[in-house]
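*Asks:* Here is the input, now give the coordinates:
(one chain, ligands or ions: 2)
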Amino acid sequence: MSRDYAVDPLRVGVLGAKGKMGAEVCNAVSRADDLSLVAGIDQGDRLEALTDAGAEVVVDFTHPDVVMGNLEFLVNCGIHAVVGTTGFTAERLATLRSQLDVSPGLGVLIAPNFAIGAVLTMKFSAIAAKYYESVEIIELHHPRKADAPSGTAMRTAQVIAAARAEAGLPASPDATSQEVDGARGALVDDVRVHAIRLSGLIAHEEVLFGADGETLTIRHDSMDRKSFMPGVLLAVRNVPSLPGLTVGLDSLLGL
Ligand SMILES: NC(=O)c1ccc[n+]([C@@H]2O[C@H](COP(=O)([O-])OP(=O)(O)OC[C@H]3O[C@@H](n4cnc5c(N)ncnc54)[C@H](O)[C@@H]3O)[C@@H](O)[C@H]2O)c1
Ligand SMILES: O=C(O)C1=N[C@H](C(=O)O)CCC1
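*Replies:* Ligands and ions are numbered 1, 2, ... in the order given. Reported below is the predicted structural model:
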């Protein structure tokens, strides 16, 4: 018999509950009839508060330095996880996959960005990539952000680079021979990424493509952290039936 979440809501915990994203997630979960916020913990709190509260899914919006330890705890305790925290290198993903290999039925979903427009920006960029000889990414965020480039820009660069490689495109043309350090941004998989940190911003990304006589700009703006909540809730509701590691929201959005 399948569970009726209207009668017996899914028990959700939040890690990083006092942070900008964590607080927003606590509000969103509390407002959803089919979800129950059973624990919200932050730095210095015991992780065991999550198991004590019977959390079935935990959402992590903490810091790249601590997220792997949090996930190890959750996987060992058999708790599904939805992760928005950035910093997931290929090595980290491999570590997580091997931890999940020995935890059948357990799901972890990691998304560099839960906003629908950001997911679509990555998708559209992957489609456009093979048609343009030049591409650069500009990501723009609030000045309290810990990491640069953003997780979203890193992922965008990776999907663009993969599409360019598949199409046999060489590196974007660039005659720069004299440069003040950093003026041309960071190279992520052969794609230049420029990071802006500016008061007044939340989270924004611009992908610029260029070819002879034309450019294409794909831009997404999150003007409020509420923009991430539908994606987070979608992931929370689905992760118990997604065993193993899922990266990105694409499959849940039918992309
Ligand atoms: N995937 C997305 O859609 C998305 C959207 C926004 C932010 N992010 C990412 O989420 C992360 C958090 O962003 P933020 O703006 O909310 O940061 P924030 O600094 O406002 O919040 C982080 C919170 O985590 C807490 N924390 C730190 N270590 C902890 C630990 N060991 N256990 C429990 N809590 C701990 C901090 O005290 C803080 O309250 C960043 O990596 C950011 O890039 C992702
Ligand atoms: O505010 C942040 O920090 C954000 N982090 C994610 C990233 O690094 O891509 C998503 C956007 C907001």
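
*Asks:* CA only for contacts and neighbour counts going forward, please
*Replies:* Fine.

*Asks:* Run the chain-centre distance for stretch 22-41.
*Replies:* Mean-position distance between stretch 22-41 and its chain equals 19 Å (Cα atoms, centre = their mean, to the nearest Å).

*Asks:* Flag every buried residue along it.
*Replies:* 22-26, 28-29, 34-41 (16 or more other Cα atoms under 10 Å).

*Asks:* Show me those residues that map onto helices.
*Replies:* Those of those mapping onto helices are 22-26, 28-29, per DSSP state H.

*Asks:* And the helices in the stretch 151-255 of the chain?
*Replies:* Using DSSP state H, counting those that start in this stretch, the helices found in the stretch 151-255 of the chain span residues 151-167, 229-238.

*Asks:* same check, this time on the stretch 1-150 of the chain
*Replies:* Under the criterion DSSP H, counting those that start in this stretch, helices of the stretch 1-150 of the chain are mapped to 20-31, 48-52, 67-76, 90-101, 116-128.

*Asks:* helices or strands up against the first one?
*Replies:* Packed against helix 20-31 by the contact rule (3 or more Cα pairs under 8 Å, 6 or more residues apart in numbering; DSSP states H and E) you find strand 10-15, strand 35-41, helix 229-238.

*Asks:* now the last one
*Replies:* Using 3+ Cα pairs under 8 Å, 6+ apart, the elements in contact with helix 116-128 are helix 151-167, strand 203-211, strand 214-222.

*Asks:* what about dumping the CA coordinates of it to CSV?
*Replies:* The C-alpha coordinates for helix 116-128 follow below in CSV (Å, rounded to 0.1, in the frame of the first residue of the first chain):
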residue,chain,number,x,y,z
ILE,A,116,14.0,26.6,-13.1
GLY,A,117,15.5,29.4,-15.2
ALA,A,118,19.0,28.4,-14.2
VAL,A,119,18.3,24.7,-15.2
LEU,A,120,17.0,25.9,-18.5
THR,A,121,19.9,28.2,-19.1
MET,A,122,22.3,25.2,-18.7
LYS,A,123,20.1,23.2,-21.1
PHE,A,124,19.8,25.9,-23.7
SER,A,125,23.6,26.6,-23.4
ALA,A,126,24.3,22.9,-24.1
ILE,A,127,22.1,23.1,-27.2
ALA,A,128,23.7,26.3,-28.5
